[in-house]
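Chemist: Next come a sequence and a model predicted from it.
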2 protein chains.
Amino acid sequence: MDIRAGLQSGNKRAVARLITMMENNDPEAFNIIKENYVKTGNAKIIGITGPPGAGKSTVTDKLTKLLRQKGKKVGIVAVDPTSPFSGGAILGDRIRMNDLSTDEGVFIRSMGTRGALGGLSKAANGAVKILDIYGLDYIFIETVGVGQSEVDIIKLADTVVMVMVPGLGDDIQAIKAGIMEIGDVFAVNKSDRDGAERTATEINMMLDLNKQGKYRPSVVKVIASENNGIDKLLEQIENHIEFMNTSGEYLSRKRMSITTEIVEIFRDNIIHSLKELSEKTRVIEATVERVLTKEIDPYTAANEMYEILRKKEVGNSD
Amino acid sequence: MDIRAGLQSGNKRAVARLITMMENNDPEAFNIIKENYVKTGNAKIIGITGPPGAGKSTVTDKLTKLLRQKGKKVGIVAVDPTSPFSGGAILGDRIRMNDLSTDEGVFIRSMGTRGALGGLSKAANGAVKILDIYGLDYIFIETVGVGQSEVDIIKLADTVVMVMVPGLGDDIQAIKAGIMEIGDVFAVNKSDRDGAERTATEINMMLDLNKQGKYRPSVVKVIASENNGIDKLLEQIENHIEFMNTSGEYLSRKRMSITTEIVEIFRDNIIHSLKELSEKTRVIEATVERVLTKEIDPYTAANEMYEILRKKEVGNSD
């Protein structure tokens, strides 16, 4: 399959293949993205996040259907929790979106990590770029969890929808406090449940206290499973996008997300170099044994790795 | 305050100060850890993790009290969710452990991230090492969330307790699937709630299906708030520790955690070098502008950063 031609002609399979190549760190995939980089920047990139069990997938599902009714083309990049030892992706609840996946105007992709050496953020960023080049109007990035990696991923969105749910228990205060600065729109899902009104009020109170931002995020009550409130939610997303475009916020957020992305690619590449070096020389394994026997400590070990890599790389390029 | 003397004589304030120095990347803190590295390896390191709202803090709290009754000295390193834009730590529910913090045999420390450039895992690792040197018998590492960074942190534990709770909703299947390989002991907390029996049965079924490991994790029902089942939970933790010590598992897990740690320190140091360089030369800002105008793409930008840093560093050392 000619990926370049497929990408031009809007071939879904070519796009899927290109994302896989990019996930596998195939240099050709990055060449294709580089060649087409000027075509990025047209899609509206919307992050969907929130604690486990909040119903993020259902919200994404219903927003996608509504956008399809309006004739928009939609991409969904679902970043799934990781299986740290085997490195596999858990596709989980994406299954119930099967009715969307047969729609030619919808592109769905799930991703998981491939081991502890990272790369998920780079892969998610890459997938969004590919879908942007492909010509989609809206791209959702959906992440489960509230961890730092997920936050790094969600940072590349133009608008972040925080999906909350009544009665999540003890940690909710902590989550809310950490979340206030990420959310541009708050959806209180399952709002037919007890405590929904209180959850919405609490979020509103916190947003009123937190006067830092130029934009006051809105709180929308939805029942995603019944398609209730989704139109209002989309309205608030569009409001935020308009604010971003008319104020200077879009550029300043873009600067931040580009910075994060460059640093992440940089970090990824360096770890990749270290892995490659170690596959050849077993230098990591040998060093780990020395730490295990307490001959050296982990800090000294990391410095040694860096010196070895630096000299090796410079030696290579000379 | 002489930190070294304080650490020797068991001065709590000296330990707290040393952790702060280490969090601030003070080289002297790492010197002290290096000098004392041979003293590490005596504490039992127990990870406490699980989804938000599961009651991890309460479980840690009650386990700590039980261990104190047995005359053991206990440390708690609570890794809190992050506020990605301001970088502050949310201390949250640690407040209710105040009665523990007045106990001379308990050391409690909460940590959050300081910005997207990372360092939390390195800091948590460092704190555990300091508390190990300090001579505690048990060190709990507690993390909120199920993200990759949290998993990286929990990986340094000898035994991981996964705190679950009935009725967490849609994402639970995905979380469970991702969790099976991390947990050594499963605590079903709030087990007086509806569905507790089903949750325990489901976990047991999955553990039976997952025959990979040499150790079959056990599932313990607890009601942490009522101190119910905590003794059984501790028993299962001790069982796992004994298995680790008598089988070869302890060494192989230690090899893995040392590998993760070295790679993380390495990555952190390199990002730190990049930041330092950029503070002097504004090279990141200048590059971001070029990506913003699409003069170059982020992949090219990251390569440029690497070349600049490498030459700079080599230039420095020559």
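Modeler: Looks like it arrived, so ask away.

Chemist: domain assignment for chain A?
Modeler: Following automatic domain parsing, one gets these domains for chain A: A:1-39, A:40-247, A:263-317.

Chemist: of all the ones you listed, which lies closest to B:D61?
Modeler: domain A:40-247 (11.4 Å; CB to CB). The way it works is simple: take the backbone N, C-alpha and C, and place the C-beta from them, glycine included.

Chemist: Kindly check the end-to-end length of the closest one for me.
Modeler: Across domain A:40-247, the terminal residues are separated by 21 Å (CA to CA, to the nearest Å).

Chemist: ok so, going back, a markdown table for the domains of chain A, including distance to chain B?
Modeler: Formatted as a markdown table, the domains of chain A follow (distance: least, CB to the nearest CB, whole Å):
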| stretch | distance to chain B |
| --- | --- |
| domain A:1-39 | 4 |
| domain A:40-247 | 1 |
| domain A:263-317 | 4 |
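
Chemist: Buried deepest among these, which one?
Modeler: domain A:40-247 (a mean of 20; mean count of other CB atoms under 10 Å in any protein chain shown).

Chemist: Determine how far it lies from the middle of the whole chain.
Modeler: Taking CA atoms, centre = their mean, to the nearest Å, one finds domain A:40-247 lying 9 Å from the centre of the chain it belongs to.

Chemist: Report the rounded mean pLDDT for it.
Modeler: Across domain A:40-247, pLDDT averages out at 81.

Chemist: swap in stretch A:5-22?
Modeler: 92.

Chemist: what does it rub up against?
Modeler: Residues outside stretch A:5-22 that contact it (CB atoms under 8 Å, 6 or more residues apart in numbering or on different chains): A:1-3, A:28-30, A:32-33, A:36, A:104, A:107, A:109, A:123, A:126-127, A:130-131, A:133-135.

Chemist: Out of the residues you listed, list just those in strands.
Modeler: Residues from these lying in strands, with DSSP state E as the criterion: A:F107, A:R109.

Chemist: Show me where the stretch 51-200 of chain A has its helices.
Modeler: A:56-69, A:98-101, A:120-134, A:148-154, A:172-179, A:196-209 (DSSP state H, counting those that start in this stretch).

Chemist: Kindly reformat these as JSON lines containing distance to B:S9.
Modeler: As requested, the helices of the stretch 51-200 of chain A are exported to JSON lines (distance: least, CB to CB, whole Å):
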{"stretch": "helix A:56-69", "distance to B:S9": "51"}
{"stretch": "helix A:98-101", "distance to B:S9": "65"}
{"stretch": "helix A:120-134", "distance to B:S9": "45"}
{"stretch": "helix A:148-154", "distance to B:S9": "36"}
{"stretch": "helix A:172-179", "distance to B:S9": "35"}
{"stretch": "helix A:196-209", "distance to B:S9": "44"}
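
Chemist: Dump the C-alpha coordinates for the one helix or strand A:E304 maps to into PDB.
Modeler: Here A:E304 sits within helix A:298-317, counting by DSSP states H and E. Extracted C-alpha coordinates of helix A:298-317, given in PDB (Å, rounded to 0.1, in the frame of the first residue of the first chain):
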ATOM      1  CA  PRO A 298      21.600   4.300  41.300                       C
ATOM      2  CA  TYR A 299      22.700   8.000  41.000                       C
ATOM      3  CA  THR A 300      26.300   7.100  40.100                       C
ATOM      4  CA  ALA A 301      24.900   4.400  37.800                       C
ATOM      5  CA  ALA A 302      22.800   6.900  35.900                       C
ATOM      6  CA  ASN A 303      25.700   9.300  35.500                       C
ATOM      7  CA  GLU A 304      27.800   6.500  34.100                       C
ATOM      8  CA  MET A 305      25.100   5.600  31.600                       C
ATOM      9  CA  TYR A 306      25.000   9.200  30.400                       C
ATOM     10  CA  GLU A 307      28.800   9.400  30.000                       C
ATOM     11  CA  ILE A 308      28.900   6.200  28.000                       C
ATOM     12  CA  LEU A 309      26.000   7.200  25.700                       C
ATOM     13  CA  ARG A 310      27.500  10.700  25.100                       C
ATOM     14  CA  LYS A 311      30.900   9.400  24.200                       C
ATOM     15  CA  LYS A 312      29.400   6.600  22.100                       C
ATOM     16  CA  GLU A 313      27.100   9.000  20.200                       C
ATOM     17  CA  VAL A 314      29.900  11.600  19.600                       C
ATOM     18  CA  GLY A 315      32.200   8.800  18.500                       C
ATOM     19  CA  ASN A 316      29.500   7.700  16.000                       C
ATOM     20  CA  SER A 317      29.000  11.000  14.500                       C
END
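
Chemist: Distance from the chain centre to that helix, please.
Modeler: That offset, for helix A:298-317, works out to 31 Å (CA atoms, centre = their mean).

Chemist: Averaged pLDDT, it. What do you get?
Modeler: Averaging pLDDT along helix A:298-317 gives 77.

Chemist: Then stretch A:256-269?
Modeler: Here the average pLDDT along stretch A:256-269 is 87.

Chemist: Run the chain-centre distance for it.
Modeler: That offset, for stretch A:256-269, works out to 13 Å (CA atoms, centre = their mean).

Chemist: which residues touch it?
Modeler: Contacts of stretch A:256-269 (CB under 8 Å, 6+ apart): A:118-119, A:121-122, A:125, A:152, A:155-156, B:116-117, B:267, B:270-271, B:274, B:284, B:287-288, B:291-292, B:298-299, B:301-303, B:305-306.

Chemist: Identify the residue spatially nearest to A:K65, adjacent ones excluded.
Modeler: Excluding the flanking residues, the one nearest A:K65 by CB to CB, 6 or more residues apart in numbering or on different chains is A:L100, at 7.3 Å.

Chemist: just checking, that neighbour touches A:K62?
Modeler: No - with contact defined as CB atoms under 8 Å, A:L100 does not reach A:K62; the gap is 10.3 Å.

Chemist: So which residues of the stretch 201-318 of chain A form strands?
Modeler: Counting by DSSP state E, counting those that start in this stretch, the stretch 201-318 of chain A has strands at residues A:218-221.

Chemist: the helices in it, which residues?
Modeler: Using DSSP H, counting those that start in this stretch, helices in the stretch 201-318 of chain A cover A:230-246, A:249-281, A:283-292, A:298-317.

Chemist: Serialize those to CSV and add fields for distance to B:G167.
Modeler: As requested, the helices of the stretch 201-318 of chain A are exported to CSV (distance: least, CB to CB, whole Å):
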stretch, distance to B:G167
helix A:230-246, 25
helix A:249-281, 35
helix A:283-292, 42
helix A:298-317, 41
